[in-house]
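>>> following is a predicted model, sequence given first.
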Amino acid sequence: SMDSLGDLNRRYQIDTHALTFGVRGDLPGDWRYDAAVSWAKSDPITLDPFFQFSPPLLAPAIQGPNPPILLNNSLTFGAANPPGTLERYFLTGSNQDVPQTWTYEVRANGPLLEWWGGTISSAVGAEVREEYVDFNRQQFSAISEAAQPEDARVVQAAYAELAVPLVSPARGVPLVNQLA
């Protein structure tokens, strides 16, 4: 039964550090560019015990003279753990998983050509985001080897936009100023 887990509310704190370096400037033909490199790292800290057992704490308790009941049959009476029994085997404090992210971005925008409706302009860009997590492998028991999460992920994205004005107030088309 869940009542042996005690209070289900948990509080967390995350200390985050980040740096960004960027440049922007002008290119020929009234184009502009900007580029940036960002790095972020955090240390998630659990202020309360959370529902993940600590194998170094739980293993000796299971092998001890009064092992905790991990799976309670709610149809039998009197078999549940006293309140707080399981919480002493949960992980607390920093779980020592250290996520960090590197992001690389480059963008440019500017006019392409003039036509009847105005200036056709474009914007292009690309981003690569590398996400890494240094997991505390000691938290995973040997039997949960298949459930261990990935250490890294890379996400790549690119875009191109084209802005084509259909009509401009300079053309003197009736009602265009009211719509713009």
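Thanks, I have the structure now.
>>> for the rest of this, base every contact and every neighbour count on C-alpha atoms.
Will do.
>>> so where is this protein shaky, pLDDT-wise?
By pLDDT under 70, the low-scoring segments of the chain are 1-11, 46-51, 72-79, 91-96, 135-150, 176-180.
>>> one more time with 90, if that's ok
In the predicted model of the chain, residues 1-16, 42-99, 115-118, 132-153, 165-180 satisfy pLDDT under 90.
>>> ok, longest helix in it?
As assigned by DSSP state H, the longest helix anywhere in the chain is helix 55-63.
>>> for the chain, just list every one of the helices.
Per DSSP H, the chain carries helices over the ranges 55-63, 176-179.
>>> so for the longest one, what gets flagged as buried?
Think helix 55-63. Within helix 55-63, the residues that count as buried by 16 or more other C-alpha atoms under 10 Å are 55, 58.
>>> other SSEs contacting it?
If you count contacts as 3 or more C-alpha pairs under 8 Å, 6 or more residues apart in numbering; DSSP states H and E, helix 55-63 packs onto no helix or strand.
>>> please begin residue numbering at 52 from this point
All set: I'll call the first residue 52, so the last point we hit is now helix 106-114.
>>> ok now that helix, how far from the chain's centre?
Mean C-alpha position of helix 106-114 versus that of the full chain (C-alpha atoms, centre = their mean, to the nearest Å) differs by 32 Å.
>>> ok, stretch 75-90 next?
For stretch 75-90, the gap between its own C-alpha mean and the chain's C-alpha mean amounts to 27 Å (C-alpha atoms, centre = their mean).
>>> residue 107 and residue 175: what is the separation?
Distance, residue 107 to residue 175, by C-alpha to C-alpha, to the nearest Å: 52 Å.
>>> with residue 138 instead?
Distance of residue 138 to residue 175, computed by C-alpha to C-alpha: 53 Å.
>>> the residue nearest to residue 83 when sequence neighbours are not counted: how many residues sit nearby?
Ranked by C-alpha to C-alpha, 6 or more residues apart in numbering and with sequence neighbours excluded, the top spatial neighbour of residue 83 is residue 77, at 4.5 Å. Using other C-alpha atoms under 10 Å, residue 77 is surrounded by 13 other residues.
>>> isn't residue 77 up against residue 159?
No - the pair residue 77 / residue 159 is not scored as a contact, 9.3 Å apart, by C-alpha atoms under 8 Å.
>>> quick check: neighbours shared by these two?
When contacts are counted by C-alpha atoms under 8 Å, 6 or more residues apart in numbering, residue 77 and residue 159 are jointly contacted by 83-84.
>>> can you tell me which residues contact the closest residue to residue 177 other than its chain neighbours?
Closest residue in space to residue 177, ignoring its immediate chain neighbours: residue 209 at 4.1 Å, by C-alpha to C-alpha, 6+ apart. Each residue near residue 209 by C-alpha under 8 Å, 6+ apart is listed here: 175-178.
>>> and residue 176, bridged to which residues?
Beta bridges link residue 176 to residue 158, residue 210, judged by DSSP bridges.
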